[in-house]
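S.K.: fold the following.
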Amino acid sequence: VSTNWHSNDDDVYRAPPIDRSLLPTAPRAAREPNIDRSRLPKSPPYTAFLGNLPYDVTEESIKDFFRGLNISAVRLPREPTNPERLKGFGYAEFEDIDSLFQALSLNEESLGNRRIRVDVADQAQDKGERPAG
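M.R.: Just a heads-up that it's a prediction; the model follows:
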């Protein structure tokens, strides 16, 4: 029988330290994007799907949005019946995996007057198919 009143069980009642980078008050750049790295492509192209884009967005405004990242191409599909009108989604291709990963951290950031969606483009999306859901 142990007569020790203080054991290591005291730690059970101590709250774990708070990772402040996970709190919503942390600057978005300080938060790690909630992306499963296994979903990232293993080789080029490193393409991000961009959803909910403003209809007046330009290639230049996309490049400016991803300023500081190694962006190699921007594709903004247009309506076949009205070539002046964008479809509201597009793709940004990055030169390296780290740029793509950092781009994903900008998901839900505002571009123009919209909160845009930034996600990993899969091969079906990359062929111009509209993503389900």
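S.K.: in this structure, what spans have low per-residue confidence?
M.R.: Along the chain, segments meeting pLDDT under 70 span 1-34, 123-133.
S.K.: so where do the helices sit in it?
M.R.: 59-65, 97-104, 123-126 (DSSP state H).
S.K.: now for Pro77, how many residues are close by?
M.R.: 13 (other CB atoms under 10 Å). C-beta coordinates here come from the backbone N, C-alpha and C atoms, glycine included.
S.K.: mean neighbour count, the helices of the chain: which tops it?
M.R.: Comparing the helices of the chain by mean neighbour count (mean count of other CB atoms under 10 Å), helix 97-104 comes out on top with a mean of 19.
S.K.: output the contacting helices and strands for it.
M.R.: Of the remaining helices and strands, those touching helix 97-104 by 3 or more CB pairs under 8 Å, 6 or more residues apart in numbering; DSSP states H and E are strand 46-51, strand 90-94, strand 117-120.
S.K.: save those as a markdown table, and put in distance to Ser61 and mean neighbour count too.
M.R.: A markdown table is the format used below for the helices and strands packed on helix 97-104 (distance: least, CB to CB, whole Å; neighbours: other CB atoms under 10 Å):
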| stretch | distance to Ser61 | mean neighbour count |
| --- | --- | --- |
| strand 46-51 | 11 | 22 |
| strand 90-94 | 11 | 21 |
| strand 117-120 | 14 | 19 |
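S.K.: possible to save those strands as a markdown table with distance to Arg78?
M.R.: As requested, the helices and strands packed on helix 97-104 are exported to a markdown table (distance: least, CB to CB, whole Å):
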| stretch | distance to Arg78 |
| --- | --- |
| strand 46-51 | 14 |
| strand 90-94 | 10 |
| strand 117-120 | 19 |
